[in-house]
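>>> Okay, sequence plus prediction incoming.
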Amino acid sequence: MIDQITEPLLLSMSFIRALFERTFMQRALITGILVGFLAPLIGSFVVIKRLSMIADTLSHFTLAGLSIGLFLLNIIGLPIGDPLYIGMIFAVSGALLIEALRSYYRNYKEISMPIVISLGTALSALFISLSGGFTSTVYNYLFGSILTVSRQFIYIITITTFIVILLIVSFYKKIVIVSFDESYARLLGINVKVFQFVTTIILGLVIALAIETVGVLLVSSLMIIPVAAAMKIGRSFKNTLIIAILFSEASVILGLWLSYVAGIPSGATIVLFNISILILVVIFKKLFSIQRVRNKQEADVY
Amino acid sequence: MRIKVDNLSFGYDYRTVLKNVTFSLESGDFLVIVGNNGSGKSTLIKCLLGINRVPDDKIFIDDIEIHDYRQWINIGYVPQKFDDFNYEFPITVNEILTVSKLTKIDEDQKLSILDRIGILELQNENINSLSGGQLQRVFIARALMNGPKLLVLDEPTAGVDSENIDNFYRMVNDLNAEGVTIILISHDVKTTKANFSHIMHLENGKAELTHVCEIDFGGDAS
Ligand SMILES: Nc1ncnc2c1ncn2[C@@H]1O[C@H](COP(=O)(O)OP(=O)(O)O)[C@@H](O)[C@H]1O
Ligand SMILES: [Mg+2]
């Protein structure tokens, strides 16, 4: 009994000590906190516009960029730096491609997602096999490698976070109107096209950066699941955003801890904590509403 | 706000809905549009609002060709259906109205609009918890947020209970008295308590505009 209690405690002590002593852990924590903030913030607007599938689509398309980057770097020998840059370019162009397809298939907008996801996956398969198959780098792309982020990456994600905050603060009203009611936004004379273009680029960038944390396969959950949980209990729009970010940060920090102590990929642990929060919210919500109905029935009886 | 429509025809795909519609309104006019379901009432106002794309030189707002018109903020609009709005995600009445007010926020002015429409106590309610009639009033309030010079209302009292319908018409009449031009689509003109100055009958794509003193209420108008 005693062993079972003290062992995780010891491990978490070493987790906290590692946070103080190891640069890679500090980088991981900073990355986690910034991604944990950005993903649900952007994710909320994606959810409002009923575009949840876009995150998954873009992450697969970004993987194509990453594997082309690997191919150029390792096989052709082009000095392109980090494949991440090509991944980011792919994320943004994938997002623009989706927008283009959405307006091309005006009445069947969701067709754009499978088209882009297939293209991304096919290109990924092609270039992963051309550049030496399933290496540990590819494994990290798929499942996340928050413990190995570079100093440059910290710069990029910090700058991105500031840009996103600046944009949201300066255009808050217009962003909210466009998300909730595009046709009313147009009526107010807001240039919806420009907004969509900028949002799309930001979305692509955030997805490319979040891949570093949880990997291609799990990026969408980082953006969508905290929001899915928060929108069931949020009282207002701002309140919902805040709850989503809190859920997300809690999952990131707990996930980082579990990833470190158990040696599991951070993507898996972070997302499993996210899902657990969602399940708890659903259960509490159910219990609470049953309780309310019962109270109401009792009140009706007396 | 002055509106001029000059020989406008409009249709969706190959079907014509409006045929050679011509009329004009002066600032402060109050137009009621009546006609059967599907007669093109909503279509006509969507043309006026730039939602439906019309040919050049057919519509002028304040003497400006509609495609060159930029002051859309001066026009308030309550659509017939709110399908375009993304519900389910939490947002309060107050939050919707605040973001819809692109001109400088005057908190008192906002509150007085809420009071006038009878949704003052709904301010902090989540939009998902409102009834159809309450939602309708929220969207009416939204249309008033930027102090419109033209207010376009597409069957705004559908689903609103009778007491609030009276309040609503009182408010619209007041706004009109204050100089706001009003275009109101109504299913049945006899039930409206609107002090309108013009009435338009839409039938088979043709519009017939009558100044109010010439109307014969007793006839088979529709
Ligand atoms: N977006 C649209 N696409 C195609 N047909 C439409 C569209 N909107 C309306 N219509 C058709 O145009 C006609 C006029 O519709 P509408 O203007 O909504 O009539 P009303 O508002 O008078 O009931 C109807 O036959 C309707 O089916
Ligand atoms: Mg209609």
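Structure's in. What do you need? Ligands and ions are numbered 1, 2, ... in the order given.

>>> how about the residues of chain B near ligand 1?
Counting by C-beta under 6 Å from any ligand atom, the residues of chain B lying close to ligand 1 are B:Tyr12, B:Val17, B:Gly35, B:Asn37, B:Gly38, B:Ser39, B:Gly40, B:Lys41, B:Ser42, B:Thr43. Just so you know, the C-beta spots here come from the backbone N, C-alpha and C atoms, and that holds for glycine as well.

>>> Torsion angles phi and psi at the last one?
Think B:Thr43. Torsion angles at B:Thr43 (phi, psi; degrees, to the nearest 10) stand at phi -60, psi -40.

>>> so who does the residue lying closest to it once chain neighbours are set aside touch?
Distances taken as C-beta to C-beta, 6 or more residues apart in numbering or on different chains place B:Val17 nearest to B:Thr43, at 4.8 Å, with adjacent residues excluded. Residues counted as contacts of B:Val17 (C-beta atoms under 8 Å, 6 or more residues apart in numbering or on different chains) are B:Phe10, B:Gly11, B:Gly40, B:Thr43, B:Gly205.

>>> Among these, which lie within strands?
Among those, the members falling in strands (DSSP state E) are B:Phe10, B:Gly11.

>>> Would you point out the most distant pair within the residues of chain B next to ligand 1?
Pairwise distances across the residues of chain B next to ligand 1 peak at 16.9 Å for B:Tyr12 and B:Gly35 (criterion: C-beta to C-beta).

>>> Please say which of the two ends up with more neighbours.
Set B:Tyr12 next to B:Gly35 and count neighbours by other C-beta atoms under 10 Å in any protein chain shown: B:Gly35 wins out with 23 against 9.

>>> Am I right that the more buried one is in contact with B:His201?
Yes: shown here, B:Gly35 and B:His201 form a contact pair, counting by C-beta atoms under 8 Å, at 5.9 Å.

>>> does B:Asp63 really touch B:Arg2, like I thought?
Yes: B:Asp63 is in contact with B:Arg2 according to C-beta under 8 Å; the separation is 6.4 Å.

>>> How far does stretch A:106-114 sit from its chain's centre?
Taking C-alpha atoms, centre = their mean, to the nearest Å, one finds the center of stretch A:106-114 at 22 Å from the center of the full chain.

>>> If B:Val78 is in a bridge, with which residues?
Under the criterion DSSP bridges, B:Val78 forms beta bridges with B:Leu153.

>>> what mean pLDDT would you report for stretch B:137-152?
Average pLDDT, stretch B:137-152: 93.

>>> any residue of the helix or strand hosting A:Ser276 up close to chain B?
A:Ser276 is part of helix A:266-301, with elements assigned from DSSP states H and E. No: judged by C-beta under 8 Å from any C-beta of the partner chain, helix A:266-301 stays clear of chain B, getting no closer than 12.8 Å.

>>> just stretch A:243-257 next, same as before
No: judged by C-beta under 8 Å from any C-beta, stretch A:243-257 stays clear of chain B, getting no closer than 9.5 Å.

>>> Next, the buried residues of that stretch.
A:243-245, A:247-249, A:251-257 (16 or more other C-beta atoms under 10 Å in any protein chain shown).

>>> Specify which member of the residues you listed is nearest to ligand 2.
For the buried residues of stretch A:243-257, the closest approach to ligand 2 (C-beta to the ion) belongs to A:Ala244, at 37.5 Å.

>>> Kindly confirm my reading that that closest one is in a strand.
No: read with DSSP: H, G, I helix; E, B strand; the rest coil, A:Ala244 is helix and lies in no strand.

>>> hang on, the residue nearest to B:Thr43 in a strand?
Yes: under three-state DSSP, B:Val17 sits within a strand.

>>> What separation do you get for it and B:Lys46?
10 Å (C-beta to C-beta, to the nearest Å).

>>> Mind jotting down where the helices sit in chain B?
Under the criterion DSSP state H, chain B contains helices at B:41-48, B:93-100, B:107-117, B:132-144, B:162-177.

>>> Put the alpha carbons of the first one into PDB.
C-alpha atoms of helix B:41-48 as PDB (Å, rounded to 0.1, in the frame of the first residue of the first chain):
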ATOM      1  CA  LYS B  41     -41.100  39.400 -50.600                       C
ATOM      2  CA  SER B  42     -37.900  38.100 -49.000                       C
ATOM      3  CA  THR B  43     -36.200  37.900 -52.300                       C
ATOM      4  CA  LEU B  44     -36.900  41.600 -53.000                       C
ATOM      5  CA  ILE B  45     -35.400  42.800 -49.700                       C
ATOM      6  CA  LYS B  46     -32.400  40.600 -50.100                       C
ATOM      7  CA  CYS B  47     -31.800  42.400 -53.400                       C
ATOM      8  CA  LEU B  48     -32.100  45.700 -51.600                       C
END
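
>>> Packing partners of that helix?
With contacts taken as 3 or more C-beta pairs under 8 Å, 6 or more residues apart in numbering or on different chains; DSSP states H and E, helix B:41-48 sits against strand B:3-12, strand B:15-25, strand B:30-35, strand B:59-61, strand B:150-154, strand B:181-185.

>>> Make TSV from the ones you listed and add distance to ligand 2 to it.
Shown next, in TSV, are these (distance: least, C-beta to the ion, whole Å):
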stretch	distance to ligand 2
strand B:3-12	13
strand B:15-25	11
strand B:30-35	9
strand B:59-61	19
strand B:150-154	6
strand B:181-185	6
